[in-house]
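Enquirer: here is my input, please return the structure:
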Amino acid sequence: MKLPRPFIRLPTRFDAARLQQEVAALPEEAWVRHPTDFNGNSSVRLISAHGAQNDDVSGPMLPTPALRSLPYLQQVLASFELVWSRSRLMRLAPGCGVPEHADINYHWAHRVRVHIPVATHPEVRFHCGGDSVHMAAGETWIFDNWRLHEVENRSAVTRIHLVADTTGSAAFWRLVAAGQTGGFDQPSARPPELLPFR
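Expert: Numbers count the residues shown, from 1 in each chain. Sure, this is the predicted structure:
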């Protein structure tokens, strides 16, 4: 989905430590090589076609057993009150990256990709449309994946993001509009509320 600028940070914040704790408990066999086979890239499927072990972008999207084992992550996704499409945890090993590319197939005509960093480091950089950002743990970001984009992990830390696709909702796009103004970044503005574990 085309966006008015390469990156937009949404005014939402989640408990990164809680997410890290849950994700660390996943067995290593839950992680599979990314379908693109980029070096150092792996993922855990959370929502997939029929809830199965696939990377399809069509069919009924259902939670996988991995997602059912992650209660706080379920709460994070549910807090948006959205219909989610394919969603995964995406892991990027130290010194590795995602080569420059654009996502312009039909799946992306009406969908946007939400990134919530779980574990990261300031030397992990996301580049898109000539801009570059570090997405901090617990923040929420969207980006224009129709533009050329790439990721590099120059740190010694394994980067993990929750990555979820959606068409959005009226409430979601109001969050995006708030992110576009950037008002929550100002010192006088109230910071985004932390979603606690319930």
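Enquirer: worst-scoring helix or strand of this protein, pLDDT-wise?
Expert: Using mean pLDDT, DSSP states H and E, strand 194-195 stands out as the lowest-scoring helix or strand of the chain, at a mean of 66.
Enquirer: what strand or helix carries residue 95?
Expert: Following DSSP states H and E, one finds residue 95 outside all helices and strands.
Enquirer: and it, what's its pLDDT?
Expert: Note on residue 95: pLDDT of 95.
Enquirer: so who does it touch?
Expert: Residue 95 makes contacts with 40, 153-154, as judged by C-beta atoms under 8 Å, 6 or more residues apart in numbering. Heads up, the C-betas are built off the backbone N, CA and C, glycines and all.
Enquirer: for the longest helix along the chain, name the packing helices and strands.
Expert: As assigned by DSSP state H, the longest helix anywhere in the chain is helix 170-181. On a contact count with 3 or more C-beta pairs under 8 Å, 6 or more residues apart in numbering; DSSP states H and E, helix 170-181 meets strand 7-10.
Enquirer: need the CA coordinates for the strand it packs on. CSV is fine.
Expert: This file holds the C-alpha atoms of strand 7-10, laid out as CSV (Å, rounded to 0.1, in the frame of the first residue of the first chain):
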residue,chain,number,x,y,z
PHE,A,7,8.0,5.6,7.6
ILE,A,8,5.3,6.3,10.1
ARG,A,9,5.6,5.5,13.8
LEU,A,10,2.3,4.9,15.5
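Enquirer: what's the following helix or strand after that strand?
Expert: Assigned by DSSP H and E, the successor of strand 7-10 is strand 13-14.
Enquirer: spatially nearest residue to the residue most central in space within the chain (excluding sequence neighbours)?
Expert: Centroid-nearest residue in the chain: residue 115, 2.2 Å away (criterion: C-alpha atoms, centre = their mean). Excluding the flanking residues, the one nearest residue 115 by C-beta to C-beta, 6 or more residues apart in numbering is residue 141, at 4.6 Å.
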